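Undergrad: have a look at this fold, sequence not included:
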């Protein structure tokens, strides 16, 4: 057989395919020491090893079979697959809202590039319509790719560009904005845009997917439909994060950009509002508000864009035994702001006190948040807290550490005056600090105990 039939395979894997005369894109039945498998042999990424044969099994999932476990292979058919997303002209429908989708590089709709093993985003209106035709029933869509980066590479430069682009679209009369974004740092961007884009007249909705579109369990299409509906129809004119509510596809949730956090590495229901409740539930049929108070949609085009950020800020996650030189090094490196993520009610060890005093003397702005995620900083309770406040550390209530980090960078992009920085950090823009947590703002159930097991049996997880 020609080498063209074995795309990307080499070494031991290539020898095995040639031995059994099984081609890439061939439908193969494989016997291994771990059982029998059936599916389509896929090309290998040119960056991968030579010890595995990759198959898309009949359930739709991709698996890798170790060549040392394979005892027999047989090609039962052959049909080269086309994994490109069909592109269709996105129709215009009168009276539907006009939504703009900004792409940053997330995989909200995608195809798989088997040469590299990477997921390639589908992004043009035609591609999205080909992938998710239901979008045409929700809105009239324009798209613009502003970045092509993984979410871990999103940062101040991208926040500023997005904020300016949002301002321009609102001035042009858009009905709503959706931002496709990788999930890992989506909540950081949500916080940044909340501070940079104030007094919004329309919704700005960040959306991502935990599982790429080539997987049967992908949440991409439904998340995208929910986000488009929220942007086009919702009267909640805020920066929102739209993702799955439960792990099933019953509904999505709309979270405030300042109170949301990614809480699980792979669950589709990974995003949770912390210390409060989500703003609303959303399905393909309706939007159901949970909170009664939120910024309402308006007909004007007035928005306040404050695209500022000083990237000389950092987070210091305290751990037992931390040495003073940890903070000293940050100060010596020129950092102007430090968010301390302390234990309990907001504590660090006394060994850090001299470094805190030196940092304060050099004009470094220091604020305290909590490792517990839920709850409030209370630095008046113990002498440790009182000592740190006397040395210049300011408590931030129940502001989440990541939100505090983003807000401090935004504030220092506008002023370095200590009192102004303190006042701006402690003045909420959109519930990054709340007066209290509702009774249902902290819910963490422990599996295994009778009352929780009874509850789980009655509801979907």
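TA: Looks like it arrived, so ask away. Since we're looking at a predicted model, the values are computed, not measured. Numbering: from 1, shown residues only.

Undergrad: so residue 456 touches residue 449, yeah?
TA: No. The criterion here is C-beta atoms under 8 Å, and residue 456 misses it with residue 449 at 10.5 Å. Where you see a C-beta, it was placed from the backbone N, CA and C, and this is true even at glycine.

Undergrad: which stretches of the stretch 251-400 of the chain form helices?
TA: 324-332, 353-361, 383-390 (DSSP state H, counting those that start in this stretch).

Undergrad: the last one versus helix 353-361: what angle between them?
TA: Okay, so that is helix 383-390. If you take axes from the mean of the first three to the mean of the last three C-alpha atoms, to 10 degrees, helix 383-390 sits at 20 degrees to helix 353-361.

Undergrad: give the other helices and strands that helix 383-390 contacts.
TA: With contacts taken as 3 or more C-beta pairs under 8 Å, 6 or more residues apart in numbering; DSSP states H and E, helix 383-390 sits against helix 353-361.

Undergrad: what comes up buried for the helix it packs on?
TA: For helix 353-361, a neighbour-count test (16 or more other C-beta atoms under 10 Å) marks 353, 355, 356, 358, 359, 360 as buried.

Undergrad: quick one: contacts of that helix?
TA: 324-328, 330-331, 338, 366, 387-388, 391-393 (C-beta atoms under 8 Å, 6 or more residues apart in numbering).

Undergrad: can you lay out those residues as JSON lines showing pLDDT and distance to residue 380?
TA: Compiled in JSON lines, the contacts of helix 353-361 are given as follows (pLDDT from 0 to 100; distance: C-beta to C-beta, whole Å):
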{"residue": "324", "pLDDT": "97", "distance to residue 380": "24"}
{"residue": "325", "pLDDT": "97", "distance to residue 380": "29"}
{"residue": "326", "pLDDT": "97", "distance to residue 380": "26"}
{"residue": "327", "pLDDT": "98", "distance to residue 380": "23"}
{"residue": "328", "pLDDT": "98", "distance to residue 380": "27"}
{"residue": "330", "pLDDT": "98", "distance to residue 380": "26"}
{"residue": "331", "pLDDT": "97", "distance to residue 380": "26"}
{"residue": "338", "pLDDT": "98", "distance to residue 380": "21"}
{"residue": "366", "pLDDT": "98", "distance to residue 380": "17"}
{"residue": "387", "pLDDT": "93", "distance to residue 380": "11"}
{"residue": "388", "pLDDT": "93", "distance to residue 380": "11"}
{"residue": "391", "pLDDT": "95", "distance to residue 380": "15"}
{"residue": "392", "pLDDT": "96", "distance to residue 380": "16"}
{"residue": "393", "pLDDT": "97", "distance to residue 380": "13"}
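
Undergrad: a markdown table for these, including distance to residue 131 and neighbour count?
TA: Putting those into a markdown table (distance: C-beta to C-beta, whole Å; neighbours: other C-beta atoms under 10 Å) gives the following:
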| residue | distance to residue 131 | neighbour count |
| --- | --- | --- |
| 324 | 54 | 17 |
| 325 | 52 | 11 |
| 326 | 47 | 14 |
| 327 | 49 | 24 |
| 328 | 52 | 15 |
| 330 | 45 | 20 |
| 331 | 49 | 18 |
| 338 | 44 | 22 |
| 366 | 47 | 19 |
| 387 | 57 | 15 |
| 388 | 52 | 24 |
| 391 | 55 | 18 |
| 392 | 53 | 18 |
| 393 | 49 | 25 |
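
Undergrad: quick one: which of those residues is nearest residue 92?
TA: Set against residue 92, the nearest of the contacts of helix 353-361 by C-beta to C-beta is residue 338 (51.0 Å).

Undergrad: any idea how far the closest residue to that closest one other than its chain neighbours is from residue 336?
TA: In space, and not counting its chain neighbours, residue 338 is closest to residue 366: 4.9 Å by C-beta to C-beta, 6 or more residues apart in numbering. To residue 336, residue 366 is 10 Å away according to C-beta to C-beta, to the nearest Å.

Undergrad: coming back round to it: now, which of the buried residues of helix 353-361 sits nearest residue 147?
TA: Nearest to residue 147 out of those is residue 359 (C-beta to C-beta; 33.9 Å).

Undergrad: on the pLDDT front, check the closest one for me.
TA: Residue 359 is assigned a pLDDT of 98 by the prediction.

Undergrad: equivalent analysis for the one 5 residues further on, please.
TA: Note for residue 364: predicted pLDDT of 98.

Undergrad: isn't it up against residue 340?
TA: No. Under the criterion of C-beta under 8 Å, residue 364 makes no contact with residue 340, lying 11.1 Å away.

Undergrad: so if I had to pick from these two, which one is more boxed in?
TA: Looking at residue 364 and residue 340 with other C-beta atoms under 10 Å, you find the greater number of neighbours at residue 340, namely 27 against 21.

Undergrad: what does stretch 9-20 contact?
TA: 1, 6, 23-24, 41, 43-44, 50-53, 67, 70, 72-75.

Undergrad: before we move on, what about stretch 313-323?
TA: Contact with stretch 313-323 is made by 326-327, 330, 335-343, 347-349, 351-352, 371, 401-402, 405, 408-409, 412, as judged by C-beta under 8 Å, 6+ apart.
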